[in-house]
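Student: Got a sequence here, can you build the structure:
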Amino acid sequence: MSPSEDVGQNPILVCAPFGRDGETIAGLLRGAGFTAWVFGDLDRLVGELDQGAGAILATEEGVVASTVLAAALANQPAWSDVPVLILTSRRNSARLPAEGQGGRLLADITNAILLERPLGARSLLSAVDVALRSRRRQFALRDQMALLAQSHEALELKVQERTAELEAEVAQRAHAEAALRQSQKMEAVGQLTGGIAHDFNNMLTGVIGSLDIMRRRIASNRLEDLDRFMDAAQASASRAAALTQRLLAFSRRQSLDPRPTDINSLAASLNDLIRGSVDERVSLRFALDPDLPRAIVDVNQLESALLNLAINARDAMPDGGEMTIETCAVQLDEAAAAQRPGVAPGAYVMISVSDSGVGMAPDLVDKVFDPFFTTKPLGQGTGLGLSMVYGFARQSGGHVRIDSHPGDGTTVELLLPATDDEVAAEAPSADAAPHGDGQRVLVVEDDPAVRLLVREVLEELGYFPVEAAEPHAAIPILASPMPFDLLISDVGLPGMNGRELAEIARAHRPHLPILFITGYAENATIRADFLGAKMSMVAKPFRLEELAAKINEMVGVSA
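Tutor: Numbering: from 1, shown residues only. Predicted coordinates:
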């Protein structure tokens, strides 16, 4: 019997330790076309056992005499199970008993084939051919596993290459996006800077020009008509202060004093002011929810926002129309809050201002909250009104949304957090506060001009001011036995902020009233979070009358 071509090249490892049995068997196999290698014992055979062996053909004498075969077969690769053909003798079959060492050997050889002698050549060759075919299937499995491993490695390589490409694309996209954001940021900064420079230069011209004219006239003793230039300088300075306040509102950095507020009463109180700002062709309608809860909001900033919205609505109706101011309660669930970025679910009060005017196209609606963007003719608007409303709403924990279509008018909805707290009682009028009577006030201010003004106001009111230019100069004074009735401190000071200085002051003087004056302080944007007991705040720039009233109020508290 001849082997098929696919199995004939794998060697048969023959082991017959006695006589010429090994050579005889090998000669028979070679004559049939098989490849046969002969070994005198299994120890040497195992040394040549590799993954290319087709089968092992051994006599029972050789198998029983060796202890290394089972260990060698146990170390085969996962795909390999070498066939082991064992020639047994009927009369000597006791050499491979079911028990003992021989039994354990047969149990360890998982692919053993027992051939009983005497055995014909045809039967032996047939058994060898079957064993080699089985072995060939193992080789096919090996090749498939190798191919699969190669495919897996190739796939892993492809994945790594594609991952590297994607990472490069993501990095390139991120770089492009960063460049775009930087470009947009610079464009926005340029627009903001240009708008600020334009408006501030106009205002500073009014202030500086008026002061120059007054200085010249006073030098030449021409004192008549100075009031006109004083008023011009005051008006320009007030406009500059308002512009700064709007910029802080847009950036959500203004100092707010939120408190429970009756929105309906506030809206109704603006009735006369709004009606006075529109002509007779515009009808004003209020639709106020009688069951409206109170809102947590800074009253002054809300009034300013509503007036801004009312003026915008008026300007959107050059030929007349209807303006509606409406209030209602709104409960936002998770889904509704998700449509308003930065807004948490909960109860809100909504106040909206609608007009029946010309409306706006979608591309304009997308820009209305940008600083210095305006649809009004040149010189008729700063472009900070809606951006201020937007910043104020977000800083208050609410949201603002605009709905507008060409020819269908515009509605601006302002959302503010609702509360069940009662409306706070109004503070008594500052006009009733008496002037000072020599009370001592410590003033801590690093700006010499502001320190001069505060000192002058205190002296005119009848107080005795003591000055310190920075906190470390003020601390020894606070630690001294010198009595003080009030501490006036800037918030932004060199070395430490005004709130930290206040803590030191309270350690020495627990009941000392403290008045903060600030142009801008990031940690003082919400006054209720910043201020403690017997503390108050005045924002720069302030009118001297406002500062005087607050000083009288604070000293009155300490009395």
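
Student: Could you identify the longest helix within this protein?
Tutor: helix 121-219 (DSSP state H).

Student: Tell me the helices and strands packed up against that one.
Tutor: If you count contacts as 3 or more CB pairs under 8 Å, 6 or more residues apart in numbering; DSSP states H and E, helix 121-219 packs onto helix 21-31, strand 55-59, strand 84-89, strand 112-117, helix 226-250. In short, each C-beta sits where N, CA and C put it, glycine included.

Student: Of these, flag the one that's most buried.
Tutor: Each of those was scored by mean neighbour count; the highest is strand 55-59, a mean of 27, by mean count of other CB atoms under 10 Å.

Student: And the average pLDDT for the helix or strand following that one is what?
Tutor: As assigned by DSSP states H and E, the chain's next helix or strand after strand 55-59 is helix 60-64. Helix 60-64 shows a mean pLDDT of 76.

Student: and if you look at stretch 303-322?
Tutor: Stretch 303-322 comes out at a mean pLDDT of 84.

Student: Tell me the buried residues in it?
Tutor: 303-317, 321 (16 or more other CB atoms under 10 Å).

Student: Equivalent analysis for stretch 267-285, please.
Tutor: Quick answer for stretch 267-285 (16+ other CB under 10 Å): 267, 270, 274, 278, 282, 284.

Student: Going along the chain, name the strands of the stretch 251-400 of the chain.
Tutor: Using DSSP state E, counting those that start in this stretch, the strands of the stretch 251-400 of the chain run over 259-261, 282-287, 294-297, 321-332, 346-355, 399-404.

Student: Give the partner strands of the second one in its sheet and their orientations.
Tutor: The one in question is strand 282-287. strand 321-332 (parallel) (DSSP bridges).

Student: How much space separates the most centrally placed residue in the chain from residue 207?
Tutor: By CA atoms, centre = their mean, the chain has its centre lying nearest to residue 342, at 11.2 Å. To residue 207, residue 342 is 38 Å away according to CB to CB, to the nearest Å.

Student: now do residue 45
Tutor: Residue 45 sits 109 Å away from residue 207, going by CB to CB.

Student: Could you do residue 466 as well?
Tutor: From residue 466 to residue 207 the distance is 31 Å (CB to CB).

Student: any chance you could map the helices in the stretch 301-450 of the chain?
Tutor: 334-338, 362-365, 385-395, 448-460 (DSSP state H, counting those that start in this stretch).

Student: Isn't residue 472 up against residue 500?
Tutor: No. Residue 472 lies out of contact with residue 500 (CB atoms under 8 Å); the separation is 11.6 Å.

Student: Quick check: which of the helices and strands packed on helix 121-219 is nearest to residue 452?
Tutor: Closest approach to residue 452 among the helices and strands packed on helix 121-219 is made by helix 226-250 (16.5 Å; CB to CB).

Student: What's the mean pLDDT across that closest one?
Tutor: 67.

Student: same question, stretch 461-469
Tutor: Rounded mean pLDDT across stretch 461-469 is 88.

Student: In a helix, residue 511, correct?
Tutor: No. Using DSSP: H, G, I helix; E, B strand; the rest coil, the secondary structure at residue 511 is coil, not a helix.

Student: number of nearby residues for it?
Tutor: Neighbour count of residue 511, defined by other CB atoms under 10 Å: 9.

Student: Residue 206 too?
Tutor: Neighbours of residue 206 using other CB under 10 Å come to 19.

Student: Which residues are in contact with it?
Tutor: Counting by CB atoms under 8 Å, 6 or more residues apart in numbering, residue 206 touches 232, 233, 235, 236, 239.

Student: As CSV, the residues you listed with distance to residue 536 would be great.
Tutor: Shown next, in CSV, are the contacts of residue 206 (distance: CB to CB, whole Å):
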residue, distance to residue 536
232, 32
233, 29
235, 28
236, 29
239, 26
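
Student: Between the two ends of stretch 485-494, how far is it?
Tutor: Stretch 485-494 has its terminal residues 24 Å apart, counting by CA to CA, to the nearest Å.

Student: buried set for that stretch?
Tutor: Buried residues in stretch 485-494 (16+ other CB under 10 Å): 485, 486, 487, 488, 489, 490, 491, 493.

Student: avg pLDDT for it?
Tutor: For stretch 485-494, the mean pLDDT works out to 85.

Student: Which of the helices and strands in this structure ranks last by mean pLDDT?
Tutor: In the chain, no helix or strand scores lower on mean pLDDT, DSSP states H and E than helix 527-530, which sits at a mean of 54.
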